[in-house]
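Chemist: Got a predicted structure plus its sequence, pasted below:
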Amino acid sequence: MPHNLKVTYREAGQGDEVLVLLHGFLCDARCWRPQLTGLSQNRRVVAWDAPGAGGSEDPPAPFTLVDWSHALAAFLDRIGVERAHFLGLSWGGVLAQVFCQLYAQRVRGLILADTYAGWRGSLPAETCRLRLARCEADASLPPQAMAARWTPEMFSAHASSTLWDELRPVIADFHPAGFSLMARSLAETDTTVQLAHIRAHKVPTLLIWGENDQRSSLSIARHMHAQIPHARLVVLAQAGHLSPMECPEAFNAEVHAFLCL
């Protein structure tokens with residue numbers, strides 16, 4: 001698989017410490033605006049658009065999370081990052097787990113937010129099948145219809161209309177091919193082996209979850225915490241699936257405290 005795909009990204013701050021932000025599906029680097037602003041005072045913060053999202057090139061099919069991990073490693077090489085902390089949200093959190101096993105020497109620590117042990121590792125088989133079927137059908141929706149259909153699932157009932165307005169254009173810019181590949185990668189992945197690697201090597205790990213996450217419930221958070229007992233689990237009150245956007249101050253405070261340990 002080619003790993004020299006065109007990748008766009010945003011960054012802020014500078015320093016020897018680097019934090020790499022890995023977004024979820026239907027998102028891109030724009031969803032990390034509060035983290036690029038709030039976590040870059042004493043470190044370099046980099047948010048990529050994964051291949052198949054944002055301004056980046058679509059990857060060829062088939063493309064797995066192993067392939068995305070190799071693409072991430074090649075991207076980090078190009079921007080001069082050898083070792084970093086990785087913050088992965090939803091699909092990006094699954095990518096972070098796979099990357100950590102493949103490139104353990106490049107990982108200083110993991111922050112896993114509102115994510116899964118892959119859909120296959122966290123959801124019943126029928127739920128996994130239905131999610132994938134829905135994603136493959138929705139990939140053909142017009143941009144605005146896609147945004148209207150998916151935005152409500154990403155936030156809690158407490159989210160402001162301003163947040164909805166910020167997310168809608170991001171979702172409307174989705175890549176049909178990239179979205180389908182990301183959904184399939186979630187449906188085909190069970191990160192039990194990766195979680196065992198994180199546990200065995202005691203990789204510093206923080207789990208952050210929105211209390212009202214409609215897509216990845218707190219039961220998934222607790223299951224993953226049981227698989228990584230040395231990790232700390234933080235639950236953000238009244239936040240939904242995109243907790244870094246919905247509760248940025250509380251989210252950033254937890255990340256900053258973890259990075260300063």
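Modeler: Received it, and whenever you're ready, just let me know what you need.

Chemist: Can you pull out the low-pLDDT segments for the stretch 1-150 of the chain?
Modeler: 1-3 (pLDDT under 70).

Chemist: all helices for it, in order.
Modeler: For the stretch 1-150 of the chain, applying DSSP state H, counting those that start in this stretch gives helices covering 33-38, 65-78, 91-102, 118-122, 125-138, 143-154.

Chemist: To residue 111, which of those helices lies closest?
Modeler: Closest to residue 111 of these is helix 91-102 (Cβ to Cβ; 8.1 Å). Glycine gets a C-beta too; all of them are placed from N, C-alpha and C.

Chemist: Out of the helices of the stretch 1-150 of the chain, which one sits most buried?
Modeler: helix 91-102 (a mean of 26; mean count of other Cβ atoms under 10 Å).

Chemist: Show me what it is packed against.
Modeler: Contacts defined by 3 or more Cβ pairs under 8 Å, 6 or more residues apart in numbering; DSSP states H and E place helix 91-102 against strand 18-22, helix 65-78, strand 84-89, strand 107-113, helix 176-187, helix 192-200.

Chemist: Let me have the helices of the stretch 1-150 of the chain in a markdown table, adding distance to residue 215 as columns.
Modeler: Listed next are the helices of the stretch 1-150 of the chain as a markdown table, based on distance: least, Cβ to Cβ, whole Å:
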| stretch | distance to residue 215 |
| --- | --- |
| helix 33-38 | 20 |
| helix 65-78 | 18 |
| helix 91-102 | 11 |
| helix 118-122 | 10 |
| helix 125-138 | 9 |
| helix 143-154 | 6 |
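
Chemist: who wins for proximity to residue 209 among those?
Modeler: Closest among the helices of the stretch 1-150 of the chain, using Cβ to Cβ: helix 91-102, at 10.5 Å.

Chemist: picking that back up, would you convert the helices and strands packed on helix 91-102 into JSON lines that also reports distance to residue 236?
Modeler: Compiled in JSON lines, the helices and strands packed on helix 91-102 are given as follows (distance: least, Cβ to Cβ, whole Å):
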{"stretch": "strand 18-22", "distance to residue 236": "17"}
{"stretch": "helix 65-78", "distance to residue 236": "26"}
{"stretch": "strand 84-89", "distance to residue 236": "13"}
{"stretch": "strand 107-113", "distance to residue 236": "9"}
{"stretch": "helix 176-187", "distance to residue 236": "22"}
{"stretch": "helix 192-200", "distance to residue 236": "22"}
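
Chemist: Nearest to residue 219, out of the helices of the stretch 1-150 of the chain?
Modeler: Judged by Cβ to Cβ, the one of the helices of the stretch 1-150 of the chain that comes nearest to residue 219 is helix 118-122, at 8.9 Å.
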